[in-house]
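A.B. asks: Build the 3D model from these lines:
(4 chains)
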2 protein chains.
Amino acid sequence: MEDRAAGILVRLGGLLSEPARARMLLSLMDGRQRPATELAQLAGVTPQTASEHLRLLIDSGALRVLPQGRHRYYRLASDEWAETLETMAAMDLPNLPRPPARGEMPPLARARLCYKHLAGRLGVAWAETLQRRDWLHGAGLHLSLNPKGLAALRKHALLGADEDPRRLSAKPCLDWTERRHHLAGPLANLLTERMLDRRWLIRSRQARVLLPTVEGERGLRRLGVEL
Amino acid sequence: MEDRAAGILVRLGGLLSEPARARMLLSLMDGRQRPATELAQLAGVTPQTASEHLRLLIDSGALRVLPQGRHRYYRLASDEWAETLETMAAMDLPNLPRPPARGEMPPLARARLCYKHLAGRLGVAWAETLQRRDWLHGAGLHLSLNPKGLAALRKHALLGADEDPRRLSAKPCLDWTERRHHLAGPLANLLTERMLDRRWLIRSRQARVLLPTVEGERGLRRLGVEL
DNA sequence: CGAACGCTTCGGGCGCGGGCGAAGCGTCCG
DNA sequence: CGGACGCTTCGCCCGCGCCCGAAGCGTTCG
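C.D. replies: The predicted structure is shown next:
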C-alpha cells in the first residue's frame, strides 16, 4: 500500500526531474496542443530526443497525442495533471534563481490559463469574489453555483439563460504564483471559456498568458472583482 | 518566470525520483521524527547512503533535523510538504502494481495521519460531516469554524470553552487513498490532536496508521460521522 | 579513559538514462 | 512519382548520481 505510494512518487518524480520534460509539460499548461517539433525546440533538444521524452510522457498518462496528417499534436491529458503541476510549482524551494521578482509583475503572474481555467492574480481575485459575494454553494470541497450566483452571472451574460451550471462542480486549485487557491473544475472551465468567447480576455502570443480587454476590465469590475 | 517553475519541478522531481528518498519522506508523513539509522533501514540502504540522501532532503527544505546526543532526529519540515506529497500520491499512473486492492481495506486507507491532521476514509468522512452539518464558515478556500460548529464541538468536548478556533484556518487537502478532499491546516491539526488526547484515536505501531477506539467510534457517530 | 555506537565524509566503481547522428517510415506537394 | 518534410527508431557515447567500504568525528557508557 505504501509501496504503491512510493512507486507513484518515484515515477512522477522521474518524469519531472528532466528539464526537457518539465518544460514541455509547462508549455502545454495553456490547454493548447503542439506538434512534436515545436515542443522539441521549446525544450531545447533535438527532435529525436524530444520524441523519446514524448513517448515516456504518453506512456505515463501525462499527455495525449492526436495524429493529423504528417503532424502529431500533443496536449495535456487531463485537468488532474494540470492541477498537480500547479500545486508542485507552488512549492518554494531554497536557493532558487529569484523568489518573486520584485517590482513589475510579469504577465504570466497577472492572468493565465491553468489548463482550461483562469489562474494568476486575476484567477485568485475571481475566486475570492465569488466566495465573498456568497455566490457559491457547499462550504469547502465540492463547490457549485448557488441561485444567487447563477442570477448574477446570467445578468452579466457570462451564462446563458438555458443552462444550469449549478450542476457543474468546482474545486480549489493551488495557484503557483499567488500561493493561494483559485477555482478549477468544470464550472471554472466553463466560466473561463465564456470570458474568452466574450473577449473579456484574449490569449497573448506568449503561452498561457491572458490579457484582459478594456471591456473585460469593465465587466469584471462590475461583478465586484478588485484588481 | 516559467524557468523558475521548470526549475522547481525539476528539483522536486529529482528528490522524489529516488526510491530511497521517497520511502523516507513517506515514512515521516506521520509527523514523527526518526533517527538516521532507522530511516536507512526503512529505505533499504546502508547508513552512509542514507546520510547522503538526508543531506539532500535537508538542503531542499523537505526535512528538519534535531541533533540530540549521538542521535540526529529527522522530521518533515512543514505541513506544506506533507500536503504536496499527498497530492502527488493521489495521481493514478498507468501500469502500477495494483489499483485499489479490492476487498478488505488496508488500515492505512481507513484512518491515518497526513503529517498532523486526519486523513484516509475517516478523514474524508470527518471533513464532509463538518461541511454537511454546516459548521464551516467561508465557502471554499479559507475555511474556519462558524459559531454553530464551535458550539457543537465544544459540546462534545473536542474543544475547550476557553479557546476560539474560529481564528484557526483550515483548507482542503487532496486525500491520497480516497481521491477526495479532507481538511488540513491549523484547525484540522488542533482537532486531530484533541482526538488523540481524548483517545478517540490511537496510533498503531505501523507508521501513520490510526485506529479508532470504541469510545471514539461512539463520539464520532454522535457528531454525525458515518462510517 | 577506552571501547562501542550513531552518524557523516571520502573515494572509487558502475549502471542508468539523456544526448545526438544516421536511418527508417508515413505524409504532403509539385 | 520523386523529393521534402515531420516524426520515430536504432545505435552508441558519455556523464551524473547511486551505491557501499573504509575512515573520521562526536557522544555515551562501563
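
A.B. asks: Report how many residues lie close to the one residue in chain A that gets nearest to DNA strand C.
C.D. replies: Residue nearest to DNA strand C within chain A (CB to the nearest atom of the strand): residue A:69, separated by 2.7 Å. Any C-beta I mention is one placed from the backbone N, CA and C, and that applies to glycine too. When counting by other CB atoms under 10 Å in any protein chain shown, one arrives at 6 neighbours for residue A:69.

A.B. asks: again with residue A:121
C.D. replies: Residues near residue A:121, counting by other CB under 10 Å, number 18.

A.B. asks: my guess is it meets residue A:105, correct?
C.D. replies: Yes - counting by CB atoms under 8 Å, residue A:121 touches residue A:105, with 7.2 Å between them.

A.B. asks: Quick check: residue A:45 vs residue B:125, distance?
C.D. replies: 47 Å (CB to CB, to the nearest Å).

A.B. asks: To clarify, my last question referred to residue A:61.
C.D. replies: Residue A:61 is 29 Å from residue B:125, where distance means CB to CB.

A.B. asks: Settle it for me: which of the two has more neighbours?
C.D. replies: Neighbour totals were compared for residue A:61 and residue B:125, and residue B:125 leads with 20 against 17 (other CB under 10 Å).

A.B. asks: pLDDT value on the residue nearest to residue A:117 when sequence neighbours are not counted, please?
C.D. replies: Leaving aside its sequence neighbours, residue A:117 sits nearest to residue A:188 (CB to CB, 6 or more residues apart in numbering or on different chains; 3.8 Å). Note for residue A:188: predicted pLDDT of 96.

A.B. asks: List the contacts of residue A:188.
C.D. replies: If you count contacts by CB atoms under 8 Å, 6 or more residues apart in numbering or on different chains, residue A:188 has them with A:116-118, A:170, A:173, A:182.

A.B. asks: Check which helix or strand it maps to.
C.D. replies: Using DSSP states H and E, residue A:188 maps to helix A:186-197.

A.B. asks: check contacts around residue A:168.
C.D. replies: Here residue A:168 is in contact with A:144-145, A:185-187, A:190 (criterion: CB under 8 Å, 6+ apart).

A.B. asks: quick one: which of those is nearest residue B:158?
C.D. replies: Lowest distance from residue B:158 to the contacts of residue A:168 (CB to CB) belongs to residue A:144, with 29.1 Å.

A.B. asks: Mind checking what secondary structure the closest one has?
C.D. replies: Look at residue A:144: counting by DSSP: H, G, I helix; E, B strand; the rest coil, its state is strand.

A.B. asks: That one contacts residue A:150, doesn't it?
C.D. replies: No - under the criterion of CB under 8 Å, residue A:144 makes no contact with residue A:150, lying 9.5 Å away.

A.B. asks: what do the two both touch?
C.D. replies: With CB under 8 Å, 6+ apart, residue A:144 and residue A:150 have common neighbours A:165-166.
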